[in-house]
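In: What would the 3D arrangement of this be:
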Amino acid sequence: MTTPDMTARRTVGACAALVIGALTLTACGGGDSGGGAGGDGKGGKGSSSTASAAKIVISAKDGSTGASINTTGVRVSGGKLTAVRMKDAKTGQDVPGSLSSDGTGWHPGKQLERGTKYEITATAKDADGRGTTADSAFTTVSAADSFIGTYTPDNGTTVGVGMPVSFSFDKAISDRKAVQSHITVTSSSGQKVVGHWFGQKRLDFRPEDYWKAGSKVTMKIDLDGVKGADGVVGVQKKTVSFTIGRSQVSTVDVNTQTMKVVRDGSTIKSVPISAGSSEFSTYNGQMVISEKFKQLHMDSRTVNLADAYDIKDVPHAMRLTQSGTFIHGNYWYNQGNPPFGRQGTSHGCVGLRDVKGGQGDTPSKWFYDNSMLGDVVIVKNSPDKKVTPDNGLNGWNMSWSEWTAGSAA
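Out: Next up is the predicted model:
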């Protein structure tokens, strides 16, 4: 049974605010007797013979375009900042920010928007109290001239041993080496982690074998300003970490229509299943649970199977492939057929005995409650082909030599 891709991913954020010290500078800065300064803090109108020793540098030069949405800020040498005001030039709305503990730096408190014009006015004083001012009006990099990636898994989550790190970029990447070299994935287990490109828009990372249970995986994204293709640069800068939970690998044997659930090396349950029929067989191979739904509408018309089925309340559905293979509850099994677990009757999914509404004490509910994103489901002895590595988060179906051959690093 299949549905269109509903894989949820989170767009990578890049808020890199420096929140140090208690003072947030928002006063509108005007020059004082110390004289003014341009966007680079080196002189300007109103300079006097007793100019301030403080030199202000606004990282985004006055009149510039393509400014960073992450690292734009203010620095001063030879003095300390006394006021910084940043605002959206169009709306006039202030952008809050934070002063560094030593008073020499200021940074916006949130990630800036792409393709937006901002204005900054900053004032500072030197040790003798002489003031200086710097101003800059600039525009951040546009969406057309930048690329972003969505990723899985989410920061702070706990996932199964099969969950890869997977990026999907919103623009084709031609300089794959530059992009991959600015994404680093490491594991506390010490496992070697390698990236693999599936085309120009998808980059996955995994170790040779499943992640070690209980390990912590850290992904450092440093793509801000990295050229991914002609005229296109990255805008993301963030560190993401997630934890690998217990190991659970479940094996579906189509010959026997059973599934054996193995947790941390021990079999904890064997349950009857109903795999694909002879006409709509189930893929073989290692598949990773990428989404979970307590109830899901499945309509065959969305996958070009005419009106074969339209079930609005499929219980305990867990996605195994992007093309729509699920392991899910089945309450409509024809009671005229052999008992559940004797015959494959689905359109390619793996069915578990369930009741309408999914509230009963059933194998399907048990498996749903005892599964997490990233758990592995292996299907064997099906007459179908092996699932392709890029159909879902299923790169485990590729040998290590094939996987590493697809790395650009």
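In: Report the separation between the nearest residue to Lys220 once chain neighbours are set aside and Gly406.
Out: What sits nearest to Lys220 in space, not counting adjacent residues and going by C-beta to C-beta, 6 or more residues apart in numbering, is Thr184, at 4.5 Å. Quick note: C-beta positions are derived from backbone N, CA and C, even for glycine. Counting by C-beta to C-beta, to the nearest Å, the gap between Thr184 and Gly406 amounts to 18 Å.
In: Helix or strand for Ile327, just tell me which one.
Out: Per DSSP states H and E: Ile327 is located in strand 326-330.
In: Quick check: neighbours of that strand in the sheet, parallel or antiparallel?
Out: Taking DSSP bridges as the criterion, strand 326-330 sits next to strand 310-319 (antiparallel), strand 350-353 (parallel) in its sheet.
In: quick one, which of those strands is nearest to Ser277?
Out: The closest approach between Ser277 and any of the strands paired with strand 326-330, judged by C-beta to C-beta, belongs to strand 350-353 at 10.8 Å.
In: continuing past the closest one, what's the next helix or strand?
Out: Taking DSSP H and E as the definition, the helix or strand right after strand 350-353 is helix 363-369.
In: What helices and strands are in contact with that following helix?
Out: With contacts taken as 3 or more C-beta pairs under 8 Å, 6 or more residues apart in numbering; DSSP states H and E, helix 363-369 sits against strand 266-274, strand 310-319, strand 326-330, strand 350-353.
In: before we move on, what SS does the most centrally placed residue in the chain have?
Out: Centrality entry for the chain: nearest residue to the mean C-alpha point is Tyr151, 2.1 Å, by C-alpha atoms, centre = their mean. Under DSSP: H, G, I helix; E, B strand; the rest coil, the three-state class of Tyr151 is strand.
In: Give me the pLDDT value at it.
Out: Among the per-residue scores, Tyr151 holds a pLDDT of 98.
In: Mind telling me what element Trp106 is part of?
Out: Under the assignment given by DSSP H and E, the secondary-structure element containing Trp106 is strand 105-108.
In: How far away from the center of its chain is whichever helix or strand comes after that strand?
Out: Past strand 105-108, further along toward the C-terminus, the next helix or strand under DSSP H and E is strand 117-125. Using C-alpha atoms, centre = their mean, to the nearest Å, we find the averaged C-alpha position of strand 117-125 to lie 33 Å away from the chain's own average C-alpha position.
In: which other helices and strands contact strand 117-125?
Out: strand 55-58, strand 74-77, strand 80-88, strand 131-139.
In: 10 Å - rerun?
Out: For strand 117-125, the packing partners by 3 or more C-beta pairs under 10 Å, 6 or more residues apart in numbering; DSSP states H and E come out as strand 55-58, strand 74-77, strand 80-88, strand 105-108, strand 131-139.
In: ok and the third one relative to strand 117-125, angle-wise?
Out: If you take axes from the mean of the first three to the mean of the last three C-alpha atoms, to 10 degrees, strand 80-88 sits at 170 degrees to strand 117-125.
In: just the angle between strand 80-88 and strand 131-139, please?
Out: Computed by the same axes, to 10 degrees, the angle between strand 80-88 and strand 131-139 is 30 degrees.
In: and strand 80-88, what other elements does it pack with?
Out: Packing contacts for strand 80-88, counted by 3+ C-beta pairs under 10 Å, 6+ apart, involve strand 55-58, strand 74-77, strand 97-99, strand 105-108, strand 117-125, strand 131-139.
In: ok so, going back, ok, the strand holding Trp106: who's next to it in the sheet?
Out: Taking DSSP bridges as the criterion, strand 105-108 forms sheet pairs with strand 74-77 (antiparallel), strand 97-99 (antiparallel).
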